[in-house]
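Novice: Task: produce atomic coordinates for the following.
(4 chains)
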There are 2 protein chains.
Amino acid sequence: MNKTVLKTVLGRNKWFAGLPPELADGILRLGRVRRLNDALIYSASDCADGMIALISGQIRLTSFSVSGQPSFLVLTSPGSWIGTTSALDGRPHGYDAFAIGETVLFQLSQERFNSLAGESVEHYSAFVRLLCDHFRITTQYLIIHRNHRPLYLLARELLRLADRHGKRTKNGVVIEMRLSQEDLAVMIGVGRQTINRLLKSLEQDGIVTTSYTSLTIQNVEALERLRASEDPDEV
Amino acid sequence: MNKTVLKTVLGRNKWFAGLPPELADGILRLGRVRRLNDALIYSASDCADGMIALISGQIRLTSFSVSGQPSFLVLTSPGSWIGTTSALDGRPHGYDAFAIGETVLFQLSQERFNSLAGESVEHYSAFVRLLCDHFRITTQYLIIHRNHRPLYLLARELLRLADRHGKRTKNGVVIEMRLSQEDLAVMIGVGRQTINRLLKSLEQDGIVTTSYTSLTIQNVEALERLRASEDPDEV
DNA sequence: CCCAAATTGTCGCTGAAACGACAATCTTTT
DNA sequence: AAAAGATTGTCGTTTCAGCGACAATTTGGG
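Specialist: The predicted model follows:
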């Protein structure tokens, strides 16, 4: 894995892009590339795994309830980091992280994270800013999930996926990532059949086309309008 | 406000209780008591207000959607801190904080927060640990809200309120805090009528008694069983 | 190339939440 | 004490998610 490629992917992350060049270089120098294929990255009870960035492929963060039902699912985007909280406070992650399919990671070991973060207050506070970013995003998620209906959540999630994992083609933005309707359902917290119904209705309106474990957004603008208009407060 | 009282209330918070004595003392020395009555503590766009702890009364954290509907509501407990994220990264809070009724706060100004946090890595990292705690709690909230039904959420919220704001009497635990059914509804993200129905049903079962803007839990154990059994995954 | 497994399409039923509406009750203000 | 405002109790209607069920389709492994 070429350093330039790494730098490009990591640079898509706002936090990384805003780092002092010398810290960014330090991370690039001390981190190591890991390749995984359908493997557990860390489990909920692990800690001190340092920080891990997704370079390509996908990472799913899940949490399971007592009976083993998946109860939470986030898909990370290339360039984004996981494990920050545990790296900073040394306590367990509290959720599992899986690499789905051929996945390339960039890992800054706990030891090296410590040495970088301990080098100066500027470094330390840079990592704290990342945690703050994550916290704000999670709070936003909480607010949104309490106040919106499935169609809005689906539109939102599709746009998000398109933005981060989509490929532009002449037919639209293709999202191709072994993402079943079941997965989507768990991600936004509704039943599988609901997703199916919503996707079909979007397909009828010519907004998306679906196929086996993949999907193409034909009309991004329509989806964005949907996201904007579905706010139940705005009726 | 007596320092001993302050110390006792703040000590109910696990984070504060676990601080190195010298940092805890520093916070006590540098912070200032503020008394408010039905007033805005800070608004979503404010930043750099330092850190604020609730001593007595209540603080509601809310966020409003475009049309002005309340879209989020957390009630903090005496001893807990707010504003940590903004204090650490200097960016806007993203939510409003209101003092409801006669409220006593303990505020560590941004300037003094900076000087304490900047004093040593141990201090700084102590504040970071608080942020980590908040992050984990919020993530937990998100998981719970995606997977549970209103009755569970209500039972959970009532027990939480009882724990933090309740007073033991011979009739049970009284929660008296100008908390309307409307407020409860917004807090757990359901309609007001749903709360009314659930409360009535709990009242019929002799678990709670309700009155104007207050409520008494007569049977805490029953409510706890409800919370435990309502996990839809466990059926 | 065939079979097993995974995924998708679709029904229909059930339950329950949302919401508007409005009366009743309680509190605060004047 | 009366009026205004806030809160609660309760309709009834509508909408919609959950879920079981099962067939159809697609994919991957042997």
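Novice: what's the spacing between the lowest-mean-pLDDT helix or strand in chain A and its chain's center?
Specialist: Here the helix or strand of chain A ranked lowest by mean pLDDT, DSSP states H and E is strand A:70-75, holding a mean of 77. How far strand A:70-75 lies from its chain's middle: 10 Å, per Cα atoms, centre = their mean, to the nearest Å.
Novice: Domain-wise, how is chain A divided?
Specialist: Domains of chain A are assigned by automatic domain parsing as A:3-145, A:149-234.
Novice: averaging pLDDT over each of these, which comes out lowest?
Specialist: Among the domains of chain A, domain A:149-234 has the lowest mean pLDDT, at a mean of 86.
Novice: got a list of contacts for the next helix or strand after the least confident helix or strand of chain A?
Specialist: Using DSSP states H and E, the helix or strand that follows strand A:70-75 in sequence is strand A:81-82. Here strand A:81-82 makes contact (Cβ atoms under 8 Å, 6 or more residues apart in numbering or on different chains) with A:13, A:15-16, A:41, A:51-54, A:59, A:61, A:76, A:97, A:130. (C-beta placed from N, C-alpha, C; glycine too.)
Novice: do that again at 7 Å, thanks
Specialist: A:Met51, A:Ile52, A:Ala53, A:Ile59, A:Leu61, A:Thr76, A:Ala97, A:Leu130 (Cβ atoms under 7 Å, 6 or more residues apart in numbering or on different chains).
Novice: In strands only, show me the residues you listed.
Specialist: Taking DSSP state E, the ones among these that sit in strands are A:Met51, A:Ile52, A:Ala53, A:Ile59, A:Leu61, A:Ala97.
Novice: Tell me the secondary structure at A:Gly101.
Specialist: Secondary structure assignment for A:Gly101 (DSSP: H, G, I helix; E, B strand; the rest coil): strand.
Novice: same deal with A:Leu36?
Specialist: strand.
Novice: Leaving out chain neighbours, which residue sits closest to it?
Specialist: Of all residues not flanking A:Leu36 in the chain, A:Ala99 sits nearest, at 4.0 Å (Cβ to Cβ, 6 or more residues apart in numbering or on different chains).
Novice: my read: that neighbour touches A:Leu61, true?
Specialist: No - using Cβ atoms under 7 Å, A:Ala99 is not in contact with A:Leu61; the gap is 11.2 Å.
Novice: Compare the two (neighbour count), which wins?
Specialist: Per other Cβ atoms under 10 Å in any protein chain shown, whichever of A:Ala99 and A:Leu61 has more neighbours is A:Ala99, with 22 against 19.
Novice: If the more buried one is in a bridge, with which residues?
Specialist: Per DSSP bridges, the residues bridged to A:Ala99 are A:Ala39, A:Ile59.
Novice: Which stretches in chain A count as strands?
Specialist: According to DSSP E, chain A carries its strands in the segments A:32-42, A:51-64, A:70-75, A:81-82, A:96-108, A:167-169, A:172-176, A:208-211, A:214-217.
Novice: Highest mean neighbour count across the ones you listed, which stretch is it?
Specialist: strand A:81-82 (a mean of 23; mean count of other Cβ atoms under 10 Å in any protein chain shown).
Novice: Report the contact partners of A:Leu161.
Specialist: A:Ile175.
Novice: could you redo the last one with a cut-off of 10 Å?
Specialist: Shown in contact with A:Leu161 (Cβ atoms under 10 Å, 6 or more residues apart in numbering or on different chains): A:Gln58, A:Leu75, A:Ser77, A:Val173, A:Ile175, A:Met177, A:Leu179, A:Leu184, A:Met187, A:Leu215, A:Ile217.
Novice: now A:Cys132
Specialist: Contacts of A:Cys132 (Cβ under 10 Å, 6+ apart): A:15, A:84, A:125, B:84-91, B:128, B:131, B:135.
Novice: Mind checking which residue lies nearest the centre of chain A?
Specialist: A:Thr76 (1.6 Å; Cα atoms, centre = their mean).
Novice: Can you pull the residues of chain A lying near DNA strand C?
Specialist: Contacts of chain A with DNA strand C, taken as Cβ under 7 Å from any atom of the strand, map to A:178, A:180-182, A:192-193, A:196-197, A:199-200, A:210, A:212-213, A:232.
Novice: again, only this time at 6 Å
Specialist: When proximity is defined by Cβ under 6 Å from any atom of the strand, chain A lies next to DNA strand C at A:Ser180, A:Gln181, A:Glu182, A:Gln193, A:Asn196, A:Leu199, A:Lys200, A:Thr210, A:Tyr212, A:Thr213, A:Pro232.
Novice: among those, which two are most distant?
Specialist: A:Tyr212 and A:Pro232 (32.8 Å; Cβ to Cβ).
Novice: The two: which is more packed in?
Specialist: More neighbours surround A:Pro232 than the other of A:Tyr212 and A:Pro232, with 12 against 7 (other Cβ under 10 Å).
Novice: Can the longest helix along chain A be said to contact DNA strand D?
Specialist: Ordering each helix of chain A by length in residues (DSSP state H) puts helix A:121-147 first. No - using Cβ under 6 Å from any atom of the strand, helix A:121-147 never reaches DNA strand D; the gap is at least 11.6 Å.
Novice: Give the burial count for A:Ser115, as a bare number.
Specialist: 14.
Novice: What parts of chain A come near DNA strand D?
Specialist: Counting by Cβ under 6 Å from any atom of the strand, chain A sits next to DNA strand D at A:Arg149, A:Pro150, A:Val190, A:Gly191, A:Gln193, A:Thr194, A:Tyr212.
Novice: buried sites along stretch A:133-147?
Specialist: Neighbour-count burial for stretch A:133-147, counted by 16 or more other Cβ atoms under 10 Å in any protein chain shown, picks out A:133-136, A:138-139, A:141-147.
Novice: just the residues you listed now: which is nearest DNA strand D?
Specialist: A:His145 (11.6 Å; Cβ to the nearest atom of the strand).
Novice: and the closest one, how far is that from chain B?
Specialist: 6 Å (Cβ to the nearest Cβ, to the nearest Å).
Novice: got a list of what that residue touches?
Specialist: Applying Cβ under 10 Å, 6+ apart, the residues near A:His145 are A:Leu153, A:Ile188, A:Gly189, B:Tyr141, B:Leu142, B:His145, B:Arg146, B:Gly189.
Novice: Spatially, which residue comes closest to the first one, not counting chain neighbours?
Specialist: So the one you mean is A:Leu153. A:Ile188 (4.2 Å).
Novice: Please tell me how far that neighbour sits from A:Leu73.
Specialist: 9 Å (Cβ to Cβ, to the nearest Å).
Novice: which neighbours do the two share?
Specialist: Common neighbours of A:Ile188 and A:Leu73 (Cβ under 10 Å, 6+ apart) are B:Arg146.
Novice: if I look at A:Ala99 and A:Leu61, which residues touch both of them?
Specialist: When contacts are counted by Cβ under 10 Å, 6+ apart, the set common to A:Ala99 and A:Leu61 consists of A:Ile41.
Novice: State which one residue of chain A is found closest to DNA strand D.
Specialist: Counting by Cβ to the nearest atom of the strand, chain A gets nearest DNA strand D through A:Gly191, at 3.1 Å.
Novice: Now that residue. Nearest residue, chain neighbours left out?
Specialist: Nearest non-adjacent residue to A:Gly191, counting by Cβ to Cβ, 6+ apart: A:Ala185, 6.0 Å away.
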